[in-house]
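>>> predicted model and sequence below, questions to follow.
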Amino acid sequence: MKRIVFFLVIILVIGGLLFWLVENNDGSVLISTQHYVVQFSLWVALIMLVVGVVVLRLLYSTLRALLVPGMTMLAGRQRRRHARWRQQNNQGLLALAEGRWDVARRDLLKTADKLDDSTGLISYIAAANAAAEKGEIEEALATLKLAEQCDTDNIFTVSVTRARILVEAKRYQEAVTQLVGLQAQDTHHPFVLGLLAEAYSETGAWDKLERLLPDLERSKVLHKQAALDCQVRIRSAQLQQLSQSQLSSAEMLKELEQLWSRTQKPVKAVAEVVGEYVRALAASGELDAAESVLRKAISKNWDNGLALQYGNLLTNDPVKQLISAESWLRHQPDNAALLLALGRLCKRNKLWGKGRDYLEASLTLDNRPETCAELATVLIQLGEEQQSVQLFKRGLLASLGLDEELMVAPAK
């Protein structure tokens, strides 16, 4: 009750003050245009202003009451539509993870252009991956073009995806074109470097792969052992290509010296690389050098493959070869590969009986088809044709993985 009386008193005071101001203060408001002049008293102008504000406020409230429900309904419909698109997009991503490529591609493409740019980009890339997994490479590439149009700020990401799809589809030349451009933009991108290395390897671009190796190591794409394995593969392939080339002996030898001079010591010690180097030396006519390299490599680090290669190497001094190979028997007395190599060297030196002993000892340890063939040819020289025929049959069965019992003639 006291509060109401207090407010009434305040209103009466303010009303009286306003009345006094109106009675004792004359003022006017003049509005003039080019052809008209309108003059109001100050208080009439103030009353009109208050009335105008009230009218505008009422008009705003009326319009808001009429329009807001409709706008709210439209916004709700848009939210529900967007939620359905989002749900369908998520279903597409789940289908992709489950390997349902057709469903994934359908749902992702249907919603990609209805979501924001970043989500749309991801949807297009995912749809392209689904098409690629199904083997529809052209469709995947076309989808990636849509991704570029969707978000021009992430062309690099789309290009990486395109390069990966091309590599997986074994379209290496197209992939290399993409990857070289990507490498120019980001020289240390690990995934790009890895794809480029794979493309170079599959296309036999060994020189380019060799130049790429430092970047692969710096970017941690290849660690120490993997880098060494890659160097071995590169150098072996380069040496093989050189030995099979149509270069003259002088040109081949020059290329070979340059290639070997830039080969790191750990790589030179690998048997696979040594074997290819020896073949290249032999192909260039450097038989004595080939024998020396091979003999030293075997003496330093024994390898059965190199021992067999030593037995096949045609040098000008097969007697020296035989003596060198026999010296290894002290450390490898029961090595089938060495005994086979010795048998071949004895055969080349026409030491038929000695060769027979070595080859029979090798065959006892390891039933190799080539050992059977070598021993069969030696037995022919010794006049034992029937045993030679039996050995040829034995070698044939061994090469086919069949049982030697098939050599026994069926009972009549």
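Perfect, I can see it now.

>>> quick check on residue 248: phi, psi?
phi -70, psi 160 (degrees, to the nearest 10).

>>> wait, what's in contact with the residue nearest to the spatial centre of the chain?
By C-alpha atoms, centre = their mean, the chain has its centre lying nearest to residue 195, at 3.8 Å. Residue 195 makes contacts with 163, 164, 167, 175, 179, as judged by C-beta atoms under 8 Å, 6 or more residues apart in numbering. Placement of C-beta: from N, CA and C, glycine included.

>>> looking at the residues you listed, which are in helices?
163, 164, 167, 175, 179 (DSSP state H).

>>> tell me the two of those that are most distant?
Spatially, the most separated pair among the ones in helices among the contacts of residue 195 is 164 and 179, at 9.4 Å (C-beta to C-beta).

>>> between these two, which one's more packed in?
Neighbours per residue, other C-beta atoms under 10 Å: of residue 164 and residue 179, the larger number sits with residue 179, 29 against 20.

>>> show me what contacts that one?
With contact taken as C-beta under 8 Å, 6+ apart, residue 179 is in contact with 163, 192, 195, 196, 199.

>>> tell me the one among those nearest to residue 398.
Out of the contacts of residue 179, the member with the shortest distance to residue 398 (by C-beta to C-beta) is residue 199, at 40.2 Å.

>>> what pLDDT is listed against that closest one?
At residue 199 the predicted local confidence, pLDDT, stands at 96.

>>> immediately after the strand or helix carrying it, which helix or strand?
Assessed by DSSP states H and E, residue 199 sits inside helix 190-203. For helix 190-203, the following helix or strand on the C-terminal side (DSSP H and E) is helix 206-218.

>>> figure out how far that next one is from the centre of its chain.
15 Å (C-alpha atoms, centre = their mean, to the nearest Å).

>>> what comes up buried for that helix?
For helix 206-218, a neighbour-count test (16 or more other C-beta atoms under 10 Å) marks 206, 208, 209, 210, 212, 213, 215, 216, 217 as buried.

>>> quick one: average pLDDT of the helix or strand just after it?
Later in the chain than helix 206-218, the nearest helix or strand by DSSP H and E is helix 224-243. The average pLDDT within helix 224-243 is 94.

>>> mind giving me the packing neighbours of helix 224-243?
Here helix 224-243 touches helix 206-218, helix 249-261, helix 265-268, helix 271-283, going by 3 or more C-beta pairs under 8 Å, 6 or more residues apart in numbering; DSSP states H and E.

>>> so, low pLDDT: which residues of the stretch 51-200 of the chain?
65-83, 85, 115-117 (pLDDT under 70).

>>> pull the contacting residues for the residue nearest to residue 186 when sequence neighbours are not counted.
Using C-beta to C-beta, 6 or more residues apart in numbering and skipping the chain neighbours, the partner closest in space to residue 186 is residue 192 (6.6 Å). For residue 192, the contact set (C-beta under 8 Å, 6+ apart) comprises 160, 163, 179, 182, 183, 186.
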